[in-house]
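Engineer: Model the following, please.
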Amino acid sequence: MVLPTPAEAMKAELRRDLVAAMKRGDKAEVALLRQLVAALDNAEAVPATGSGAVPLPFGEGTAEAKRHHLTEEDIQALLRWENDARAEAVAEFTRLGVEARAVALGAEVELIGRYVRS
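Structural biologist: Numbering: from 1, shown residues only. Prediction:
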């Protein structure tokens, strides 16, 4: 039995929650969970130039490149960064009197907080 990588496990958790949010019709949560999955995918990506892509024979799909293997610490750092950026935006929107946006981002901070491990 092959265990999933930390990134695969986190993306699986996010996708399970994404399906549940879609069933509930929670558009804001759906959007945020998609953003978090994309952020993990992007963190795993290697630069396009000099990526070591391996060309496949014609008809077998596109070239594949090895992906970065994220550790649990990498994933948590990414989630904390996403959370911190939103928390700073909440403070700024509150300072500017844009309460609706501050409240929406505050909800995102709470949601991301569910995935940040202490």
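Engineer: Contact partners for the residue nearest the centre of the chain?
Structural biologist: The centre of the chain sits closest to Leu36, judged by Cα atoms, centre = their mean, with a distance of 1.9 Å. Contacts for Leu36 (Cβ atoms under 8 Å, 6 or more residues apart in numbering) come out as 14, 79, 82, 112, 115. Glycine gets a C-beta too; all of them are placed from N, C-alpha and C.
Engineer: Out of those, grab the one that's most surrounded.
Structural biologist: Each of the contacts of Leu36 was scored for neighbours by other Cβ atoms under 10 Å, and Ile112 scores highest at 22 neighbours.
Engineer: Verify the contact between that residue and Leu79 for me.
Structural biologist: Yes: using Cβ atoms under 8 Å, Ile112 makes contact with Leu79 at a distance of 6.0 Å.
Engineer: What segments of this structure are helices?
Structural biologist: All helices of the chain, identified by DSSP state H, fall at 6-24, 27-44, 72-96, 99-113.
Engineer: any idea of the mean pLDDT in the first one?
Structural biologist: Helix 6-24 shows a mean pLDDT of 97.
Engineer: Begin at 659 from now on, thanks
Structural biologist: All set: I'll call the first residue 659, so the last point we hit is now helix 664-682.
Engineer: That helix to helix 757-771, inter-axis angle?
Structural biologist: 130 degrees (axes from the mean of the first three to the mean of the last three Cα atoms, to 10 degrees).
Engineer: Could I get the CA-only coordinates of helix 664-682 as CSV?
Structural biologist: Only the C-alpha atoms of helix 664-682 are listed here, as CSV (Å, rounded to 0.1, in the frame of the first residue of the first chain):
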residue,chain,number,x,y,z
PRO,A,664,1.3,15.2,2.4
ALA,A,665,0.2,17.4,-0.5
GLU,A,666,-1.9,14.6,-2.0
ALA,A,667,-3.5,14.1,1.5
MET,A,668,-4.2,17.8,1.9
LYS,A,669,-5.6,18.1,-1.6
ALA,A,670,-7.9,15.1,-1.0
GLU,A,671,-9.2,16.7,2.2
LEU,A,672,-9.8,20.0,0.4
ARG,A,673,-11.5,18.3,-2.4
ARG,A,674,-13.8,16.3,-0.1
ASP,A,675,-14.8,19.6,1.6
LEU,A,676,-15.2,21.2,-1.9
VAL,A,677,-17.7,18.6,-2.9
ALA,A,678,-19.6,19.2,0.4
ALA,A,679,-19.6,23.0,-0.1
MET,A,680,-20.8,22.5,-3.7
LYS,A,681,-23.7,20.4,-2.5
ARG,A,682,-24.6,23.0,0.1
